[in-house]
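Colleague: structure here, sequence nowhere to be found:
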C-alpha cells in the first residue's frame, strides 16, 4: 500500500503547478482525499479535500479560487491544480486518505510522503 505525492518544484509568483497523489495497492475512489501543507516552522494546515462518494470538494479560504482538486479514478490519482501561486504557498504538500472530506489532519488515516513547492522569484 503506497500513496505518493509528486509534482512539486520551484515556480515564480503567479505561476502554476499540478500536484499528483497516486495510490498503489488500493483503490482511491473508496476514500476521501485531503491535501495538506506545512511551511517551514509552521503547523500543518489543510488545503483542500474531495469526498469519495459524490466528489464534493472543500478548500481553505487561503486557496479558494486559485486551487482545484480533482480525481481520476481510472488512473487512481488525485490532483491539485495550483494557479496564481504566491510566496506564502511555499510548503511541503502532503496527500492523505480518510473517510470524510474535512480539513482536519487527525481525520486522515494514511499519509503519503510530501512534495516541496517553492514559490519564489
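Modeller: Nice, thanks for sending it over. Keep in mind that this is a model prediction, so the values were computed, not measured. Residues are numbered from 1 along each chain as shown.
Colleague: residue closest to the middle of this protein?
Modeller: residue 35 (2.8 Å; C-alpha atoms, centre = their mean).
Colleague: any idea which element that residue lies in?
Modeller: strand 32-38 (DSSP states H and E).
Colleague: distance from that strand to the middle of the chain?
Modeller: 4 Å (C-alpha atoms, centre = their mean, to the nearest Å).
Colleague: check stretch 18-38 too.
Modeller: 8 Å.
Colleague: buried ones in it?
Modeller: Neighbour-count burial for stretch 18-38, with 16 or more other C-beta atoms under 10 Å as criterion, is recorded at 19-23, 28, 31-37. For glycine as for every other residue, the C-beta is placed from the backbone atoms N, C-alpha and C.
Colleague: correct me if wrong: the residue nearest to the centre of the chain contacts residue 69.
Modeller: Yes. Residue 35 is in contact with residue 69 according to C-beta atoms under 8 Å; the separation is 6.6 Å.
Colleague: on that earlier part again, list the contacts of the residue nearest to the centre of the chain.
Modeller: 19, 21, 46-49, 69, 80, 93-95 (C-beta atoms under 8 Å, 6 or more residues apart in numbering).
Colleague: repeat for residue 77
Modeller: Residue 77 neighbours (C-beta under 8 Å, 6+ apart): 20-23, 28, 71.
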